[in-house]
Every structure is written in structure tokens, then in C-alpha cells.
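Undergrad: coords please:
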Amino acid sequence: MHTLPGFVPTFAHPEEFKRILGRFPVVMGKVVIQGFAKPPCRPRTRSFPQFGAPMLPHPPPTQGVALIGQLDWPQNLYIAQALHEAGWQVRILTEGIQPKEFKGWLDVHHVNAGDERMLSDMILQLAQNPDVRWILPLDEAAIATCHRTLTCRDKLLPQIPDADLSMLQKKSAMARFALSLGIPVPDWFHVQGPDEALHIADGMGYPVVLKGEQGNGGSQVVICDDARALRDGLQKLKHHDTVLQRHVSGRNWACGGFFHRGVLTHIHGYEIVEQHPPGLGAATFIRHEQSPAMVQALEAMGSAMTWTGYMQADFIRDDHGTFWFLEINPRPWGSITAAQAAGTPIFSPLIDTLAGRVPQPWRTDDRGWSAHVFPKPLLQLAYKRRGLRMLQTLLSPAFWRGAPRTSSNLMRYFFKVMYWYWTGPRDWKANHLAPKALGSSPRV
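TA: Numbers count the residues shown, from 1 in each chain. Down below sits the predicted model:
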């Protein structure tokens with residue numbers, strides 16, 4: 001149907017439109033009519049079903065994304081939701097069952113934690129599935145298993161060269177890598193036994209830090225205040241390769257971001273105010289600050305590896321303001337949700353990259369913004385059955401400030417998990433709710 005001044009609305013074939021409106025475009029049976037509609041109507045595209053389907057401005061992707069990681073790690077669910085909202089079909093390989101809150105948009109496939117053969121078989125199926133365009137491992141073990149399993153890695157993100165993959169497997173190799181880029185690293189030594197460790201510790205002076213080469217999340221870190229504590233730490237890590245490192249007195253900091261071909265596009269820098277376990281574990285309360293020295297260190301490492309994807313690095317800031325490098329985490333980090341809550345669109349560069357677009361750099365001044373890392377503190381308090389402190393946390397503005405304003409389904413799911421933690425038997429919680437990495441390797 002066309003409308004012109006002085007004409008009665010009529011229907012016409014596209015060829016008739018071309019005769020009447022010769023200077024206006026006709027594209028695939030559709031005529032773009034400009035300047036003839038009467039106010040308050042706006043110029044628009046008319047489509048005629050008998051000559052073709054309507055054109056969509058942004059057709060959704062027809063292929064999917066497969067995530068590999070823990071369902072009860074909040075950052076993984078926020079990533080899944082961001083991908084879904086961008087139009088991707090999302091599935092996740094995880095040790096868990098399909099939550100009813102996500103049945104409409106998230107396809108959950110169960111895999112046993114620690115069963116690398118089962119996970120490898122499922123990864124191969126994903127690689128051969130034409131409906132899966134991308135495979136995104138979200139923890140160190142899943143990254144390692146994907147790279148060991150796949151010879152063709154076109155669907156994999158991140159794609160890590162073998163030399164960098166080997167470096168990311170050991171903390172001592174990461175320390176050498178950082179030193180080669182001029183980044184300050186505390187003195188460290190490999191130790192083979194108690195006598196050697198005690199001799200080195202006497203030379204450095206206590207306290208010292210004993211680390212397993214392949215630990216993550218503070219699981220293989222022991223701060224030793226004296227020789228007895230060092231012996232106990234060596235006994236605890238007797239089945240692991242160990243590194244003895246000089247202890248730096250200061251506060252824990254971290255800096256994460258998204259890289260596109262070695263260029264840092266989005267940044268999340270912060271001081272870790274509270275951790276669980278204290279001093280060693282994951283951040284539960286943070287204060288944002290993008291220290292230039294810390295950001296430059298992260299940029300140097302990502303650029304040297306031509307990295308594409310998420311990466312985070314841990315630091316200690318001493319009393320003189322020097323940032324000492326500790327380790328690299330080549331994956332989304334636990335407090336990434338706080339970046340989203342503070343106004344940084346931290347998931348946007350991932351969506352752009354998967355769609356074949358170059359992410360546009362984003363910088364924001366969020367210095368001093370602080371919050372709980374939603375919903376970790378509440379889940380930990382529920383696990384310990386501390387009802388009064390749970391209530392105090394729920395009433396804290398800092399708790400809700402750290403929650404990204406997204407789907408209410410995520411909120412309902414997290415509170416359901418909290419209820420499970422609080423009411424379930426201790427042995428059931430230990431076996432079914434404690435986060436486990438997928439695959440057999442604890443690190444990349």
C-alpha cells in the first residue's frame with residue numbers, strides 16, 4: 001500500500017512502485033518510502049509478505065555458545081545471562097542439574113567433576129556440533145582439558161599457544177614471565193625437602209609463604225610464621241611441587257579485564273578488603289581503584305601473550321606503594337559481577353568478540369566504590385549457619401550495591417542455593433554444593 005499527496009491509498013506490485021517512485025529504492029520486494037508520510041507518522045520500511053519475509057534490523061544468532069564451568073559460581077551465570085540477552089543459544093557443561101529458574105534459556109548438561117574422560121568426550125561432541133559456534137571454558141581445569149582434547153581450536157576461547165599454556169600451569173613460570181616484563185615479583189625458590197626449605201627461610205627471614213605450584217583460590221598457600229609452621233606446611237603440601245616465597249607485608253589487590261588481540265579494552269581494578277578464608281581466599285568485599293602501576297602490569301602481560309578473553313592478576317601492595325605480582329588467572333574472576341554492578345559493561349566485549357566485532361575501549365572512574373561481592377558472603381554465612389550475621393548482611397546496603405541489576409531469576413536461584421546451604425546436612429553440602437573444578441587439573 002502506498003500513500004501520496006492527493007492519492008487514495010492503494011495496493012501495488014513492486015514493479016508498479018518502481019514506475020511511480022522511480023527515484024526511491026526497492027530492495028528485495030520492499031520499498032523504502034521517505035517524505036510522504038503525514039505527521040505524526042515517521043518514515044518506515046514497508047514489507048509485503050507475498051514478496052518476501054520482513055527484514056529484521058538485528059537478526060539473532062542461529063548458533064550457540066557452550067560454557068564449561070560450575071553452575072553455582074555466580075560469575076558463570078551472569079555471563080550465561082549476558083550471552084542469552086545478546087541472542088545466543090546458551091548451554092553449560094557443569095556438575096549440577098537443570099534449575100527450573102533457567103529452563104527457558106539455559107540448557108544444562110551434567111558432567112562429573114574430576115572425570116576428564118567424560119568431559120573430553122563431551123567437548124569433542126561440542127566441537128563437531130554445527131549448532132555450537134563457541135566453546136568457553138570458565139576455570140583453569142576446563143581450559144586445560146579443552147586444550148588437551150582439541151587439535152582444532154577454532155571454536156575455543158581463549159585460544160592459548162602451547163608455550164603460554166605451559167607457563168600458566170606453574171606459579172614459578174608465571175613469576176619468571178612477569179620478571180621478564182619488568183614487573184616486581186617477590187623472591188622465590190623451589191624447595192625439595194624440609195632441610196632446604198628451612199635453610200632458605202632462615203636466609204629470607206620469617207614469615208615466608210609456601211605455595212603449591214598448581215594451586216588456585218588459596219587452596220595451596222600457607223603463610224609460615226616460624227620453622228614449625230613451615231614444617232607443617234610442607235607436610236600439608238607433601239604431594240605437590242612447592243615454592244617458597246618472600247612474604248610481602250601489605251594489602252591484597254587485583255586487576256582484571258578483557259583483552260582483544262592483546263589490547264586491554266575493559267578494566268576492573270580493586271583492593272581486596274575482606275577475603276574468605278582471611279588473607280588467602282576469594283574476595284568477599286572490595287574497593288575499586290585502578291592504580292596505574294597495576295593496570296600497566298596487566299596490560300604488559302596480556303600484550304605479550306596477544307591475549308583474547310578475560311584475564312586477572314593478583315598483587316600485594318606494600319607500604320611504599322609498590323605492587324608485587326603474585327599470579328595470573330586466565331579466566332573470568334569471582335568479583336567480576338561487582339564491575340558490572342559499578343557500571344562497567346564487563347560482559348559487552350565478550351559479546352562483541354563472539355559476534356566478530358572489535359570491542360570499543362571503556363574507561364570509568366569508579367575510585368572508592370565499594371561493595372560485597374554478591375552473593376558470596378551470604379552463601380558462606382549460610383554454609384556456616386550463622387543466621388544473625390546472615391540477616392545483618394542482608395540488611396547492609398553494601399551487599400545489594402554489589403548485585404548487578406539483572407534478571408530476578410538469578411536472585412531467586414542464589415537465595416535457593418543459600419537455603420540449601422543453610423538447611424542441608426553437612427555431609428550432603430560437602431559432597432554436592434562445594435564448588436569443584438571440571439577436569440582433573442587444578443590449574444591451566
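Undergrad: and for whichever strand or helix holds residue 389, what's in contact with it?
TA: Under the criterion of DSSP states H and E, residue 389 resides in helix 387-394. If you take C-beta atoms under 8 Å, 6 or more residues apart in numbering as the criterion, helix 387-394 is touched by 372, 377, 378, 381, 382, 399, 418, 422. Any C-beta I mention is one placed from the backbone N, CA and C, and that applies to glycine too.
Undergrad: okay, and the third one sits in which element?
TA: By that I understand residue 378. Assigned by DSSP H and E, residue 378 belongs to helix 376-383.
Undergrad: buried ones in that helix, by neighbour count?
TA: With burial defined by 16 or more other C-beta atoms under 10 Å, the residues of helix 376-383 counted as buried are 376, 377, 378, 379, 380, 381, 382, 383.
Undergrad: picking up where we left off before, how far away from the center of its chain is the helix holding residue 389?
TA: With C-alpha atoms, centre = their mean, to the nearest Å as the basis, the distance from the averaged C-alpha position of helix 387-394 to the chain average is 28 Å.
Undergrad: and the contacts of the helix or strand just after it?
TA: As assigned by DSSP H and E, the chain's next helix or strand after helix 387-394 is helix 397-401. Residues from elsewhere that reach helix 397-401, judged by C-beta under 8 Å, 6+ apart: 285, 341, 370, 371, 372, 374, 377, 378, 393.
Undergrad: and the residues you listed, which two are the farthest apart?
TA: Pairwise distances across those peak at 16.9 Å for 370 and 378 (criterion: C-beta to C-beta).
Undergrad: tell me where the stretch 151-300 of the chain has helices.
TA: Counting by DSSP state H, counting those that start in this stretch, the stretch 151-300 of the chain has helices at residues 162-167, 171-180, 194-204, 227-236, 292-304.
Undergrad: check which helices and strands the first one sits against.
TA: Read it as helix 162-167. helix 171-180 (3 or more C-beta pairs under 8 Å, 6 or more residues apart in numbering; DSSP states H and E).
Undergrad: run a quick neighbour tally on residue 329.
TA: As a burial measure, the neighbour count of residue 329 was computed by other C-beta atoms under 10 Å and equals 21.
Undergrad: ok, the closest residue to it other than its chain neighbours to residue 203 distance?
TA: Residue nearest to residue 329 in three dimensions, not counting chain neighbours: residue 312, with 4.5 Å by C-beta to C-beta, 6 or more residues apart in numbering. Here residue 312 is placed at a distance of 32 Å from residue 203 (C-beta to C-beta, to the nearest Å).
Undergrad: cool, residue 133 as well?
TA: Between residue 133 and residue 203 the distance, using C-beta to C-beta, works out to 54 Å.
Undergrad: report the contact partners of residue 207.
TA: Residue 207 is in contact with 223, 224, 225, 247, counting by C-beta under 8 Å, 6+ apart.
Undergrad: so the closest residue to residue 407 other than its chain neighbours is in which element?
TA: Taking C-beta to C-beta, 6+ apart as the measure, residue 407 lies nearest to residue 81, with 5.9 Å between them; neighbours along the chain are not counted. For residue 81, the element it lies in under DSSP H and E is helix 74-85.
Undergrad: other SSEs contacting the next helix or strand along the chain from that helix?
TA: On the C-terminal side of helix 74-85, the nearest following helix or strand under DSSP H and E is strand 89-94. With contacts taken as 3+ C-beta pairs under 8 Å, 6+ apart, strand 89-94 sits against strand 64-68, helix 74-85, strand 106-110, helix 116-128.
Undergrad: run the last query once more with 6 Å
TA: When contacts are defined as 3 or more C-beta pairs under 6 Å, 6 or more residues apart in numbering; DSSP states H and E, strand 89-94 sits against strand 64-68, helix 74-85, strand 106-110.
Undergrad: in it, what counts as buried?
TA: Of the residues in strand 89-94, those buried by neighbour count under the rule 16+ other C-beta under 10 Å are 89, 90, 91, 92, 93, 94.
Undergrad: just to revisit the earlier point, specify the angle between the helix holding residue 378 and helix 387-394 in degrees.
TA: 160 degrees (axes from the mean of the first three to the mean of the last three C-alpha atoms, to 10 degrees).
Undergrad: name the residues that touch helix 376-383?
TA: Counting by C-beta atoms under 6 Å, 6 or more residues apart in numbering, helix 376-383 makes contact with 276, 284, 389, 390, 393, 418, 421, 422, all of which sit outside it.
Undergrad: the second one touches residue 273, doesn't it?
TA: No: in this structure, residue 284 sits apart from residue 273 without contact. The criterion is C-beta atoms under 6 Å, and the distance is 8.4 Å.
Undergrad: higher neighbour count, the two?
TA: Looking at residue 284 and residue 273 with other C-beta under 10 Å, you find the greater number of neighbours at residue 284, namely 23 against 15.
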